[in-house]
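Participant: Generate coordinates for the sequence data below:
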Amino acid sequence: MISRSAVRRLSALGRTMQQAKSPQRTFATGACLIIGDEILNGKIHDTNSHYFARFCFRLGIDVRQIAVVSDQEEDIVEAVQRLSAKYDFIVTSGGIGPTHDDITYEAIGKVFGLPVKLHEETAERMTRLSKYTPPSDEAKRAQLRMATLPTGDNVENIYIADDLWVPVVCINGQVHILPGVPQIFERMLEGLKGHVQSHLAAGGKQARRFVSTKKKESDIATYLTKLQNEVGKSIKIGSYPHMKIGTVTVSIIGPSEQEEKLKEIVKDVEKNLDGQEISAEQEEGRI
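Facilitator: Okay, here's the model as predicted:
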C-alpha cells in the first residue's frame with residue numbers, strides 16, 4: 001500500500017512535469033477578468049480586482065486591463081481570447097461553483113480547445129478537506145462540478161495550501177483561474193506569489209511617491225504635462241483630486257532602481273506646486 005507521503009511526492013512530480021510542458025513566460029504585463037452577473041447587477045461589490053492590482057504592483061507587473069463579464073459563455077470566451085492575446089499574467093475570478101451558471105472552467109477550456117474532466121486528485125482533496133457532506137447523489141454531482149477541470153498537457157493545477165482543496169488552474173503558463181469569494185481569492189493569489197516571482201524579469205519592481213498640493217488640477221495640468229514629457233515613459237505622473245478636503249495628490253511611479261531620480265522629481269513637484277510629500281499610508285487614508 002502506498003503511503004500518503006508517497007502519494008504527495010508523486011502528485012508533486014506530476015505537477016512539475018505538467019509545468020515543464022507549459023511555456024515559460026515572463027510576467028511583465030497583467031490583466032484581471034472578473035466573472036459574474038452579481039457584479040454587473042450591483043448585488044456584490046468587486047474587491048478582487050483591486051486586490052489583484054495591488055498584488056501586481058508590489059511584484060512589478062504592469063496591470064493593463066481589468067474587465068468584468070457576465071456568466072455567459074460567449075462573453076467569457078471573448079474576454080479570455082482578447083486578454084490572452086495581449087497580456088502575460090492573467091487571473092480570472094468567479095464562476096467555478098456548483099450551480100448551473102458556474103461555467104468558467106468549461107468556457108475557458110473551450111478557448112484553448114481543452115475538454116473538462118473530473119480531476120481525481122482535486123476530487124479526493126475535496127472529499128478529505130471539505131466540511132460539507134452532500135446529502136444526496138444530486139448534491140454530490142453538483143459538488144463534483146467544482147473538481148471538473150480543463151485537462152491537457154498545457155494545464156497545471158497548483159494547490160497553494162494543504163488545507164485548501166481547490167487548485168489554481170493555470171493554462172499555458174498564462175491564464176490562472178481562481179474562485180470569486182474574496183477571502184479565498186486573496187489567500188490563493190498570495191499563495192501564488194512564489195510561482196509568479198519565478199516568471200518575473202529582473203528589475204521589474206516599481207516605487208511610488210506622493211505629493212499633496214492645494215492647487216486645482218486645472219492649475220497644475222500644464223506643469224504635469226511638461227514634467228511627464230521630460231521624465232519619459234518609464235516614469236508615470238498622475239493626479240488625483242480629493243474633493244472633500246480640497247487637495248490634489250500627484251503620484252510619481254517609476255522603477256525602484258531609479259529611486260534617486262524619483263526623489264528629484266518629488267522635490268521638483270513640491271517646489272512648483274507648493275506641495276508636500278506624503279506617505280502611502282497618508283494617501284490611503286484620503287481615499
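
Participant: give me the number of residues near E264?
Facilitator: 12 (other Cβ atoms under 10 Å). To be clear about C-beta, it is placed using only N, CA and C from the backbone, and glycine gets the same treatment.

Participant: so where do the helices sit in the chain?
Facilitator: Assigned by DSSP state H, the helices in the chain fall at 4-21, 37-40, 48-59, 73-84, 104-111, 120-129, 137-144, 182-191, 193-197, 217-231, 259-273, 280-286.

Participant: Report the buried residues of the shortest one.
Facilitator: Read that as helix 37-40. By neighbour count on 16 or more other Cβ atoms under 10 Å, the buried set for helix 37-40 is 38-40.

Participant: follow-up on the earlier one: need the winner for burial among the helices of the chain.
Facilitator: Across the helices of the chain, averaging neighbours per residue (mean count of other Cβ atoms under 10 Å) puts helix 104-111 on top, at a mean of 23.

Participant: which strands and helices sit next to that helix?
Facilitator: Judged by 3 or more Cβ pairs under 8 Å, 6 or more residues apart in numbering; DSSP states H and E, the packing partners of helix 104-111 are helix 73-84, strand 116-118, strand 148-150, strand 175-178.

Participant: Let's have the helices of the chain in CSV, adding distance to T29.
Facilitator: As requested, the helices of the chain are arranged in CSV below (distance: least, Cβ to Cβ, whole Å):
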stretch, distance to T29
helix 4-21, 21
helix 37-40, 23
helix 48-59, 9
helix 73-84, 10
helix 104-111, 19
helix 120-129, 30
helix 137-144, 35
helix 182-191, 17
helix 193-197, 13
helix 217-231, 20
helix 259-273, 22
helix 280-286, 23
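
Participant: Pick out the shakiest of the ones you listed, pLDDT-wise.
Facilitator: Ranked by mean pLDDT, the helices of the chain bottom out at helix 4-21, with a mean of 39.

Participant: hang on, the earlier thing: format the helices and strands packed on helix 104-111 as JSON lines; extra columns: distance to K110.
Facilitator: As requested, the helices and strands packed on helix 104-111 are exported to JSON lines (distance: least, Cβ to Cβ, whole Å):
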{"stretch": "helix 73-84", "distance to K110": "6"}
{"stretch": "strand 116-118", "distance to K110": "9"}
{"stretch": "strand 148-150", "distance to K110": "9"}
{"stretch": "strand 175-178", "distance to K110": "12"}
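
Participant: which ones are touching the residue nearest to E106 when sequence neighbours are not counted?
Facilitator: Once flanking residues are discounted, E106 sits nearest to V116: 5.4 Å by Cβ to Cβ, 6 or more residues apart in numbering. Counting by Cβ atoms under 8 Å, 6 or more residues apart in numbering, V116 makes contact with 105-106, 109, 148-151.

Participant: go again using 6 Å as the cut-off
Facilitator: 105-106, 109, 148, 150 (Cβ atoms under 6 Å, 6 or more residues apart in numbering).

Participant: With distance to E260 as new columns, can these be given to me in CSV?
Facilitator: Below are the contacts of V116 laid out as CSV (distance: Cβ to Cβ, whole Å):
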residue, distance to E260
Y105, 48
E106, 51
G109, 49
T148, 53
P150, 47
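
Participant: separation between the residue nearest the centre of the chain and A31?
Facilitator: In the chain, the centroid-proximal residue (Cα atoms, centre = their mean) is F52; its distance is 3.7 Å. Taking Cβ to Cβ, to the nearest Å as the measure, F52 falls 9 Å from A31.

Participant: What of E74?
Facilitator: 19 Å.

Participant: swap in D75?
Facilitator: 15 Å.

Participant: Contacts only, for K140.
Facilitator: Contacts of K140 by Cβ under 6 Å, 6+ apart are P134.

Participant: Can you give me the distance of it to Y159?
Facilitator: 22 Å.

Participant: And for A107?
Facilitator: 23 Å.
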